[in-house]
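> Fold the following.
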Amino acid sequence: MVSAWLAALSLAVADGVSPNAHALAVAESALSYCAPLDPAAAEKIRRLITQLAHGANEKQLAELRSDDEYRKTYDSVVEFTGKIDPRNAKRFCAQASASRQ
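Residues are numbered from 1 along each chain as shown. Purely as a prediction, here's the structure:
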């Protein structure tokens, strides 16, 4: 499941069109999880979010974040990360932060 999310991030960044609710939700939920655990990975995820949101204004981003797809995806990733064994947390963060390459 995590592989599919991370693959979606890579495709969304490569696509270069308007922000994708699914990809943005995955990145932002990964950032919420990783920020306190792995600051270096969190910084890479922040840059990914900047790339995903490129060209969108605050109103467009707010609309994306209120979208059902965004909320369901965000909640799904939060549920998933809640089940990660603490020993694997940095591994998840490393994979999430490397997904833009």
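
> burial of residue 50, as a residue count?
10 (other Cβ atoms under 10 Å). No exception for glycine: its C-beta is placed from N, CA and C like everyone else's.

> quick one, phi psi at it?
phi -60, psi -40 (degrees, to the nearest 10).

> do residue 82 as well
As for residue 82, its main-chain torsions (degrees, to the nearest 10) stand at phi -70, psi -20.

> I'd like the distance between it and residue 33.
From residue 82 across to residue 33, the span is 9 Å (Cβ to Cβ, to the nearest Å).

> With neighbour numbers in mind, choose between those two.
Neighbours per residue, other Cβ under 10 Å: of residue 82 and residue 33, the larger number sits with residue 33, 23 against 8.

> can I assume the more buried one is in contact with residue 90?
No: look at residue 33 against residue 90 with Cβ atoms under 8 Å: they stay out of range, at 11.1 Å.

> any idea which helix or strand carries the spatially closest residue to residue 35 that is not a sequence neighbour?
Residue nearest to residue 35 in three dimensions, not counting chain neighbours: residue 42, with 4.2 Å by Cβ to Cβ, 6 or more residues apart in numbering. Element membership for residue 42, per DSSP states H and E: helix 39-53.

> Cool, thanks, talk later.
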